[in-house]
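K.L.:
Whatever this is, show me its structure:
(chains A and B)
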Amino acid sequence: MKLNRLAVIAVVGLCLSFPAAVWAKPVTINWWHAMRSARGKVVDTMIQKFNESQSEYVVVGTNKGDYDEVMNAGVAAFRAKKQPHILQVFEVGTQTMMQSGAIYPVYKLMADAGYKIDWSNYLQAVLSYYMDADGNLMSMPFNSSTPIMYYNVSMFEKAGIPLLSKTEPITWDQLGEITKKLVDSGVAPAGMVSAWQSWIQIENYSAIHNIPFASKDNGYGGLDCELLINNPKVISHIEMLKQWAADKRFMYGGQKYQGPKSEFIAQNAAIYMDSVSGIAKLKEAVKDFKWDAAPLPVEAWMKKPQNSIIGGASLWVLNGHSKKEYEGVAAFLKFLADNEMQMYWHKETGYFPITLNAYDELKKEGYYKENPLQTVGIDQLNRAIPTKISRGLRLGYFVQIRNIINEELEQVWNGTKTPKQALDNAAERSNIQLQTFAKTYK
Amino acid sequence: MLKRSTFKSSYLPYLLILPQVIVTLTFFYWPAVQGLIQSFLLSDPFGQSSKFVWFYNYKEIFTDPLYLRSILTTFIFSIAVASVSITLGLFIATMANRALKATALVRTLLIWPYAVAPAISGVLWLFLLHPSYGIVALGIKAWLGIDWNPVLKGTDAMAMITMASAWKQISYNFVFFMAGLQAIPKSLIEAAAIDGASPFTRFWTITFPLLSPTFFFLSVMNIIYSFFETFGVIHTVTQGGPGGSTNILVYKVYQDGFVGLNLGSSSAQSVVLMTLIVVITFLQFRYVEKKVQYTG
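P.N.:
Okay, the predicted model is just below:
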């Protein structure tokens, strides 16, 4: 008996002490991501295609939960020296990743592996979010979206309002009139709802109108930056929304997208601002009315509106692996950026193709004629060359900052604070977070 | 009539408690010490650099008005949850203790909600009380004319998470009160009844004092429950909102540490949380337990 058990332990021990790589020939590349259900399947298909396309490397994709869980898993694994090669991190984690000292910048990885990549062929509004101050790409954009405005066509028709253009944004004043008509005529119980209020009503509002969100070029220029959201323009935007809330032209539906989305689907609100990834969700959920999408509104004084900014996640390559493995990583990233994969990704998930090539190819194919909704976000993203202000945000503890903004805005909507007080407090509290972040990395 | 066993060998008792000690050391003391150390550091999440900053993290949280408010919120919430669930648990137990048909079935059904995980309980209540798709919420708005809106109003949100958290705890309290009630000798109550004591007097002068150990135990358990285990409810129902009005301490620890990756601040917060719960439990044992009568 005893001898048997010892033998088993010895065999198990032997198996554990030899990594599988000794026997298996192809090099394994681990990729931890947050893509589940439908998107997860798309990711699995892409991995499978890569593995079938060559025999040197095998990519293994693992879903580690939500964005925050994936990031945590990555952090824990890095500390235990068991990190994957590729980690998908949401856009708000960009600064933390950049400062981490745990990454192999993508521009360097690609150059070291001998790939000459024409970065100008990529969507600049997407790339710029993940570049350092010198314009070097730190992580590979993967899933990128941007907010647009959905509206209830049936309600518009009933209230006699002309439908909106898919390319030319209306002004906020016009939206005010439209929502007034909708509410006053009794067609809609409320005018508009907005998902992700910090991302859409403050971050994107600032980018579109070229208003700095934070000092030092929105944080690209250094860790010692401060929030500038308590500026007169943003304050007056929130004041306007607060006024709209009083006469039901605006309705607060919650911090994330679930609440606002259900208000739109239940026809409690005629207009709904959310990410382009809402297209798929609405297609599935809306059965009893017609809807369409338009770019986000722009203030009348903004003659040439800037690009909107993206949300989503990018792929970070982590330190601590062999050269051979990194060659595999580079090959895989290259493969993902190929036209075929990008077009597949875009069609299946609605996230943007990251190269202009893929975009042009889709256009040629007539894809956008059949799916005109998909152009709204891309056009809005590409309508201008990103400025230092509209290219993105680079803030430490951005998760907490968004939380703070959410909390303060909610106090505006429930009447506890004035917009100015709330934005002042939000900036003040966020600045403490930014200082702590800077202190950590000094 | 306590039975006492004595062990002759000196190592056996230690050996017997060893597994428990190991579990406690690994899953409580070790992380607690790690947290304590981390609370004095500012470190990046990947552990590449960390700096000893003395009480910087503590200073930060105690100068943050929202953190102080979060402490207050936690107390309000835990007192509300404990009192609602203990009162209702006792009420239902007294009712169910009386002889009725299908006692076993009724009891089983009443115990059921305890098996529901807090997160599930949260989702259930969300479906009932969400202002735009909650069935009950629509009723409240339409028939009672109350402008119920937990998405926007802090007090409504607090009421909602209190209900969701207290609901499943009622079952837990019910079980213990039930056991407590059955341990009370019938003869005492019958004697009081013969002496002409009303049901209420009987309850107040006999049942209630004899239940005091159960009360004491449940008050400790319920407070601890509302401090920690209600995380799932908060996470699914309000995520601490609106405007931070339901952001209890344990949720803030999670948000700052797990989601926001500010490990120093999060550790400092968990040390404060641990201290609070130690102090509260100590106070309960020191002052409340004196009033408890353990034997009839």
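K.L.:
Is residue A:69 in contact with residue A:36, as I believe?
P.N.:
No - in this structure, residue A:69 is not within contact of residue A:36 by Cβ atoms under 8 Å, at 10.9 Å. For glycine as for every other residue, the C-beta is placed from the backbone atoms N, C-alpha and C.
K.L.:
So between these two, which is more surrounded?
P.N.:
residue A:69 (15 against 12; other Cβ atoms under 10 Å in any protein chain shown).
K.L.:
List the residues that contact that one.
P.N.:
Each residue near residue A:69 by Cβ atoms under 8 Å, 6 or more residues apart in numbering or on different chains is listed here: residue A:34.
K.L.:
Now the common contact residues for residue A:69 and residue A:36.
P.N.:
By Cβ under 8 Å, 6+ apart, no residue touches both residue A:69 and residue A:36.
K.L.:
Kindly report the residues of the stretch 1-150 of chain B close to chain A.
P.N.:
Residues of the stretch 1-150 of chain B lying near chain A by Cβ under 8 Å from any Cβ of the partner chain: B:42-49, B:51, B:53, B:56, B:60, B:64, B:66, B:130, B:132-133.
K.L.:
Any idea how far the helix or strand harbouring residue B:251 is from the middle of the chain?
P.N.:
Using DSSP states H and E, residue B:251 falls within helix B:249-253. In terms of Cα atoms, centre = their mean, to the nearest Å, the centre of helix B:249-253 is found 14 Å from the chain centre.
K.L.:
which residue is nearest the centroid of chain B?
P.N.:
Centroid-nearest residue in chain B: residue B:225, 2.1 Å away (criterion: Cα atoms, centre = their mean).
K.L.:
Quick check: residue B:254 vs chain A, distance?
P.N.:
Residue B:254 sits 10 Å away from chain A, going by Cβ to the nearest Cβ, to the nearest Å.
K.L.:
Nearest residue to that residue in space, ignoring adjacent ones along the chain?
P.N.:
Once flanking residues are discounted, residue B:254 sits nearest to residue B:231: 6.7 Å by Cβ to Cβ, 6 or more residues apart in numbering or on different chains.
K.L.:
how about that neighbour, what does it touch?
P.N.:
B:118, B:250, B:251, B:254.
K.L.:
From those, pick the one nearest chain A.
P.N.:
Nearest to chain A among the contacts of residue B:231 is residue B:254, at 9.7 Å by Cβ to the nearest Cβ.
K.L.:
So for the closest one, what's the pLDDT?
P.N.:
For residue B:254, the pLDDT comes out at 93.
K.L.:
go on, the one 3 residues further on?
P.N.:
The confidence metric pLDDT takes the value 90 at residue B:257.
K.L.:
What of residue A:441?
P.N.:
At residue A:441, the model reports a pLDDT of 87.
K.L.:
Residue B:116 and residue B:168 touch, don't they?
P.N.:
Yes - at 5.4 Å, residue B:116 counts as touching residue B:168 under the criterion of Cβ under 8 Å.
K.L.:
neighbour-wise, which of those two wins?
P.N.:
Per other Cβ under 10 Å, whichever of residue B:116 and residue B:168 has more neighbours is residue B:168, with 24 against 15.
K.L.:
For the more buried one, pull up the helix or strand it's in.
P.N.:
helix B:154-182.
K.L.:
and what of residue A:114?
P.N.:
Short version, using DSSP H and E: residue A:114 is in no helix or strand.
K.L.:
Spit out the contact partners of residue 136.
P.N.:
Using chain A here. Applying Cβ under 8 Å, 6+ apart to residue A:136 gives the contacts A:105, A:107, A:108.
K.L.:
try again with chain B
P.N.:
B:128, B:129.
K.L.:
just the strands in the chain please.
P.N.:
No chain in the question, so chain A it is. For chain A, the strands defined by DSSP state E occupy A:27-33, A:57-63, A:86-90, A:140-145, A:147-152, A:190-194, A:269-275, A:291-294, A:311-317.
K.L.:
try chain B instead
P.N.:
B:41-43, B:50-52.
K.L.:
So what touches the first one?
P.N.:
In other words, strand B:41-43. Surrounding strand B:41-43, the residues in contact under the criterion Cβ under 8 Å, 6+ apart are A:436, A:439-440, B:49-53, B:56-57, B:263-264, B:267.
K.L.:
ok, now with 10 Å
P.N.:
A:436-437, A:439-442, B:49-54, B:56-57, B:60, B:262-265, B:267-268 (Cβ atoms under 10 Å, 6 or more residues apart in numbering or on different chains).
K.L.:
Now which of those residues would you call buried?
P.N.:
Buried subset of the contacts of strand B:41-43 (neighbour count, 16 or more other Cβ atoms under 10 Å in any protein chain shown): A:436-437, A:439-441, B:50, B:53, B:56-57, B:60, B:262-265, B:267-268.
K.L.:
For residue 114, give me its contacts.
P.N.:
You didn't say which chain, so I picked chain A. By Cβ under 10 Å, 6+ apart, the residues touching residue A:114 are A:327, A:330.
K.L.:
My question was about chain B, not that one.
P.N.:
Counting by Cβ under 10 Å, 6+ apart, residue B:114 makes contact with B:121, B:167, B:168, B:169, B:170, B:171, B:172, B:173, B:174, B:175.
K.L.:
picking that back up, which ones among the contacts of strand B:41-43 map onto helices?
P.N.:
Of these, the ones assigned to helices by DSSP state H are A:436-437, A:439-441, B:56-57, B:60, B:263-265, B:267-268.
K.L.:
For residue A:331, state which of the residues you listed is nearest.
P.N.:
Nearest to residue A:331 out of the ones in helices among the contacts of strand B:41-43 is residue A:441 (Cβ to Cβ; 32.4 Å).
K.L.:
I'd guessed that closest one sits against residue A:435; true?
P.N.:
No - using Cβ atoms under 10 Å, residue A:441 is not in contact with residue A:435; the gap is 11.4 Å.
K.L.:
Check which helices and strands the helix holding residue B:168 is in contact with.
P.N.:
helix B:65-97, helix B:103-111, helix B:118-129, helix B:212-224, helix B:231-237 (3 or more Cβ pairs under 10 Å, 6 or more residues apart in numbering or on different chains; DSSP states H and E).
K.L.:
Next, format the ones you listed as JSON lines and append mean pLDDT.
P.N.:
Converted to JSON lines, those look like this (pLDDT from 0 to 100):
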{"stretch": "helix B:65-97", "mean pLDDT": "92"}
{"stretch": "helix B:103-111", "mean pLDDT": "84"}
{"stretch": "helix B:118-129", "mean pLDDT": "92"}
{"stretch": "helix B:212-224", "mean pLDDT": "90"}
{"stretch": "helix B:231-237", "mean pLDDT": "93"}
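K.L.:
Deepest-packed of those helices, please.
P.N.:
Mean neighbours per residue, mean count of other Cβ atoms under 10 Å in any protein chain shown, is largest over the helices and strands packed on helix B:154-182 for helix B:231-237, with a mean of 22.
K.L.:
Which residue is the nearest non-sequential neighbour of residue 174?
P.N.:
Let's take chain A. residue A:297 (7.1 Å).
K.L.:
nope, chain B please
P.N.:
Leaving aside its sequence neighbours, residue B:174 sits nearest to residue B:89 (Cβ to Cβ, 6+ apart; 4.6 Å).
K.L.:
What is the end-to-end distance of stretch A:140-151?
P.N.:
By Cα to Cα, to the nearest Å, the extent of stretch A:140-151 from end to end equals 33 Å.
K.L.:
Could you do stretch A:72-91 as well?
P.N.:
From its first residue to its last, stretch A:72-91 covers 15 Å (Cα to Cα).
K.L.:
anything in it near chain B?
P.N.:
Yes - applying Cβ under 10 Å from any Cβ of the partner chain, one finds stretch A:72-91 touching chain B at A:72, A:74, A:75, A:76, A:78, A:79, A:80, A:83.
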